[in-house]
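> quick one: sequence and predicted model below, then my questions.
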Amino acid sequence: MIEPRLHESRAMRIAYWIAGSVALLLGVIGAFLPVLPTTPFILLAAFCYSRASVRLHAMLVGHRVFGPLIREWHETRTIPPRAKFAGLALMAVSFSSSIYILRDRPGLQLFLLLLGLGLGAWLARIPSRKNVPKDMR
């Protein structure tokens, strides 16, 4: 089990609880909307809850869908290959369709293209189980 380390300050625990709840909400929304990535928000929620609430952290780490993702990240700093592929594919579809919709606005198209390429490169660089660097094993 991943052990939470609660923050000493009650005000900071409340701030972490709020940030974790917002991140969790965005992660759940991201599971249904291809524009928002699910994995980073769930990992952020787990971190925030580990500083805010033992109960909420245990609930999130024990969740049947999100729990394995959090445990894998904590233990190996990797994400499942399926999650990486799904994220990259959904980002490609989302950014491509947005660029097409904005075909009359070349400045926005360029911005979206650069943003999509940057986010895609960032996600692609996160190790998967199959290509974990030796120092992370």
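Thanks, I have the structure now.

> give me the pLDDT for Val132.
Val132 carries a pLDDT value of 50.

> for the one 3 residues further on, same thing?
pLDDT for Asp135: 46.

> I'd like the numbering to begin with 612 instead of 1 from here.
I'll keep to 612 as the first residue from here, and by that count the last item is Asp746.

> quick check, Leu647 in a strand?
No. Judged by DSSP: H, G, I helix; E, B strand; the rest coil, Leu647 forms no part of a strand; its state is coil.

> can you tell me the closest non-neighbouring residue to it?
Gly641 (3.3 Å; C-beta to C-beta, 6 or more residues apart in numbering). Heads up, the C-betas are built off the backbone N, CA and C, glycines and all.

> buried residues, the helix or strand containing Leu680. List them.
For Leu680, the host element (DSSP states H and E) is helix 677-687. For helix 677-687, the neighbour count (16 or more other C-beta atoms under 10 Å) marks Phe677, Gly678, Leu680, Ile681, Glu683, Trp684 as buried.

> in the chain, where is pLDDT below threshold?
Along the chain, the parts satisfying pLDDT under 70 run over 612-613, 645-646, 741-748.

> break down it into its strands, ranges please.
In the chain, no segments count as strands under DSSP state E.
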